[in-house]
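Q: here is a sequence together with a model predicted from it:
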Amino acid sequence: MALLRFLRHWLVLPSPIDLGWSESDALGLRQFDPYHEGKTWEDWTDHVKQHYPVRYFLLEVVPRWFRSWVVWPSRRIYELILDHLLPSRRYHQLDLRGVDPLSVYRHGYLDPCDVFWLAGWASLMRWDRERRRDTGTRKVEIERNSTSSTQYAEALELVHYWTVTRIEREEQCNQLHAAVNAILPSMANRERYEAAQDVWLKHFRASQELDQSMWSRLSALRTFLWH
């Protein structure tokens, strides 16, 4: 019993139920809802840090350090070795590394929707690289054919979208999101916060719609991208 009391004292932090804050172990997150009414997990963290500093350090800080500095790096090295040695795990055989200038993908599993998306743009970028190495023979042939000339200009516009316009829009989106986060949540700032958030969301959704539109245009060029 003494051991049980010792473990209960040092290895357990009070839950929202124990504190009388909630009827379940569920609280809101001010990070996602700055105007949440009632207690949040941020309040719980501040409370246990102040009233149970040793337990908080042992149960929250130490495990977080261990995951960040031991578990995750070890797992990443382990998966890196398996991904390159086991044929069944060579998901990157369809080489999609570096295709998306906004992605840091280098190895590992990708969802089918991501493979579908990146493979199309990888084909366009390969066409662009080969076009740049072209001696000019095909370009003369294209210029003689009005339909091919239109498709050629369309392909170049898509290359510019993927390598320039999309990056610029992402930077604008990040700036708008940073502007939202820069507004300190308070009732006095609520209208400013929601207005800035609305501008960011409209830009974000417009970028998604533009991505879909450009993908449709790329799909229409499938039979043109040959050498």
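A: Looks like it came in fine.
Q: following the helix or strand of the chain with the lowest mean pLDDT, which helix or strand comes up?
A: Ranked by mean pLDDT, DSSP states H and E, the weakest helix or strand in the chain is helix 137-144, scoring a mean of 54. With elements assigned by DSSP states H and E, the helix or strand that comes after helix 137-144 is helix 146-160.
Q: C-terminal to that following helix, what's the next element?
A: Toward the C-terminus from helix 146-160 - assigned by DSSP H and E - lies helix 166-181.
Q: contacts for that following helix next, please.
A: 101, 102, 193, 196, 197, 199, 200, 203, 204, 207, 210, 211 (C-beta atoms under 8 Å, 6 or more residues apart in numbering). Heads up, the C-betas are built off the backbone N, CA and C, glycines and all.
Q: please name every helix or strand in contact with the helix or strand just after it.
A: Moving toward the C-terminus from helix 166-181, the next helix or strand (DSSP H and E) is helix 190-220. Under the contact criterion of 3 or more C-beta pairs under 8 Å, 6 or more residues apart in numbering; DSSP states H and E, helix 190-220 touches helix 112-133, helix 146-160, helix 166-181.
Q: how about the ones you listed, which one is nearest residue 64?
A: helix 166-181 (22.4 Å; C-beta to C-beta).
Q: dump the closest one to CSV, restricted to CA.
A: What follows is helix 166-181 as a C-alpha-only set of coordinates in CSV (Å, rounded to 0.1, in the frame of the first residue of the first chain):
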residue,chain,number,x,y,z
ARG,A,166,2.7,28.1,-56.7
ILE,A,167,5.7,29.0,-54.5
GLU,A,168,4.7,32.7,-54.5
ARG,A,169,1.2,31.8,-53.5
GLU,A,170,2.5,29.6,-50.7
GLU,A,171,4.6,32.4,-49.3
GLN,A,172,1.6,34.8,-49.5
CYS,A,173,-0.5,32.2,-47.6
ASN,A,174,2.1,31.8,-44.9
GLN,A,175,2.3,35.6,-44.5
LEU,A,176,-1.5,35.8,-44.1
HIS,A,177,-1.4,32.9,-41.6
ALA,A,178,1.3,34.7,-39.7
ALA,A,179,-0.8,37.8,-39.6
VAL,A,180,-3.6,35.8,-38.0
ASN,A,181,-1.3,34.4,-35.3
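Q: what about that helix, distance to the chain center?
A: In terms of C-alpha atoms, centre = their mean, to the nearest Å, the centre of helix 166-181 is found 13 Å from the chain centre.
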